[in-house]
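In: Could you work out the structure for the sequence below:
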Amino acid sequence: MTTETDHEQTKAENPTPEETTPETTPESVQEAPEEDKPLFQAIGIIPGEVNFDEEGLASVKVADQTYPLFYTPRLRRAFQALKLEIKNTGETTQRLIVYPKAIHFPQRNKNHQLAFQLVGFEKKQQTSNISNQLEDFEFQLCGLWQFIPVCRVPVVSILRNFTDNRLDYIKSADPVQKVRFMKAAHLPLLWKDSPVKPFRYNPKAQKDEQGRPAFVQVKARFLPQRNVFGFSSLLAPPSEKAPKFLKASKADKAAAQKEKKIPKKEQ
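Out: Numbers count the residues shown, from 1 in each chain. All right, here's what the predicted structure looks like:
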């Protein structure tokens with residue numbers, strides 16, 4: 001099995017579509033927090049047909065639906081190994097270990113899109129710790145259970161886990177890098193009988209009356225025909241206390257938006 005993973009990923013609130021470009025943050029800040037504590041994470045397995053276009057961009061076809069398949073610089077070796085495996089064997093159908101990414105749009109009539117970040121893949125007769133825990137189309141989602149304005153379906157929001165290393169990085173990063181690094185993933189989840197209701201922000205309520213989203217840890221099946229995830233089982237009871245995380249402030253986002261609008265020659 002070819003894989004490189006720290007079981008954790010980046011993601012964000014989307015007033016505009018989320019970017020699916022590779023992260024450019026230093027590898028030194030990509031380390032995972034301690035594994036014995038609850039973490040924000042989203043990881044799973046999809047079997048699908050992998051294709052590369054003329055420009056080398058990859059996609060994976062799952063149950064007649066096609067999704068972008070990309071990688072970050074620190075996982076480049078896994079991506080190159082996948083290309084080599086397909087070239088050598090001619091087998092385009094592969095069992096992929098992936099991080100799911102969600103792209104939401106501000107237009108209410110435009111549905112969200114999903115993409116997948118490659119973590120690794122499994123060769124025949126080889127297994128990994130992930131495949132021992134998860135079946136095909138099964139994902140482990142650990143995050144905040146809530147509604148967001150740009151999605152009709154409640155989501156599990158996966159935020160960037162906190163480490164001192166990462167805090168040091170964002171203190172020195174420019175606004176655009178900072179916001180991109182702390183971007184969250186909001187993954188649509190169908191969970192009919194959830195033991196806690198998904199949090200919904202009430203603009204008319206006072207701050208101390210808002211409450212907060214619960215932190216949930218679940219197994220969910222990817223449903224390509226509906227482009228969402230469906231609840232399978234609880235990994236742990238919902239908690240009012242979430243793991244420590246990093247999140248971009250409104251000021252950070254405003255500064256990043258302003259910097260993006262400045263032509264490079266003026267910067």
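In: Have a look at this structure and report its longest helix.
Out: helix 76-89 (DSSP state H).
In: so what secondary structure elements neighbour that one?
Out: The contact analysis (3 or more CB pairs under 8 Å, 6 or more residues apart in numbering; DSSP states H and E) places helix 76-89 against strand 2-3, strand 41-52, strand 93-103, strand 113-122. In short, each C-beta sits where N, CA and C put it, glycine included.
In: cutoff 6 Å now
Out: strand 113-122 (3 or more CB pairs under 6 Å, 6 or more residues apart in numbering; DSSP states H and E).
In: I'd like the next helix or strand past the strand it packs on.
Out: helix 129-133 (DSSP states H and E).
In: pLDDT (mean, whole number) over that following helix?
Out: The average pLDDT for helix 129-133 rounds to 78.
In: now stretch 51-65
Out: Rounded mean pLDDT across stretch 51-65 is 93.
In: Show the end-to-end separation of it, please.
Out: This stretch, stretch 51-65, spans 13 Å end to end (CA to CA, to the nearest Å).
In: ok, residues contacting it?
Out: 46, 48-50, 66-69, 224 (CB atoms under 6 Å, 6 or more residues apart in numbering).
In: cutoff 10 Å now
Out: With CB atoms under 10 Å, 6 or more residues apart in numbering as the test, stretch 51-65 has contacts from 46-50, 66-71, 79, 82-83, 86-87, 92-94, 96, 98, 114-116, 118, 137, 222-227.
In: residue contacts, the nearest residue to residue 38 once chain neighbours are set aside?
Out: Excluding the flanking residues, the one nearest residue 38 by CB to CB, 6 or more residues apart in numbering is residue 243, at 5.1 Å. Neighbouring residues of residue 243 by CB under 10 Å, 6+ apart: 33, 37-41, 142-143, 159, 161-162, 215.
In: repeat that for 7 Å
Out: For residue 243, the contacting residues are 37-40, 161, by CB atoms under 7 Å, 6 or more residues apart in numbering.
In: ChimeraX command to pick out the buried ones of those?
Out: Restricted to buried positions by 16 or more other CB atoms under 10 Å, the ChimeraX selection for the contacts of residue 243 reads:
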select :38,39,40,161
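In: Find the pair from the contacts of residue 243 with maximum spatial separation.
Out: For the contacts of residue 243, the farthest-apart pair by CB to CB is 37 and 40; their separation is 10.9 Å.
In: give me every residue that touches residue 116.
Out: 46, 60, 67, 69, 98-101.
In: and of these, the nearest to residue 169?
Out: residue 99 (19.7 Å).
In: Any regions of the stretch 51-200 of the chain where pLDDT drops low?
Out: Confidence mapping of the stretch 51-200 of the chain against pLDDT under 70 gives the ranges 124-128.
In: Quick one: the contacts of residue 243 as JSON lines, columns for distance to residue 185 and secondary structure too.
Out: Below are these laid out as JSON lines (distance: CB to CB, whole Å; DSSP: H, G, I helix; E, B strand; the rest coil):
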{"residue": "37", "distance to residue 185": "20", "secondary structure": "coil"}
{"residue": "38", "distance to residue 185": "17", "secondary structure": "coil"}
{"residue": "39", "distance to residue 185": "14", "secondary structure": "coil"}
{"residue": "40", "distance to residue 185": "9", "secondary structure": "coil"}
{"residue": "161", "distance to residue 185": "13", "secondary structure": "strand"}
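In: I'd like the contacts of residue 243 laid out as TSV, including distance to residue 248.
Out: As requested, the contacts of residue 243 are exported to TSV (distance: CB to CB, whole Å):
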residue	distance to residue 248
37	23
38	22
39	19
40	15
161	15
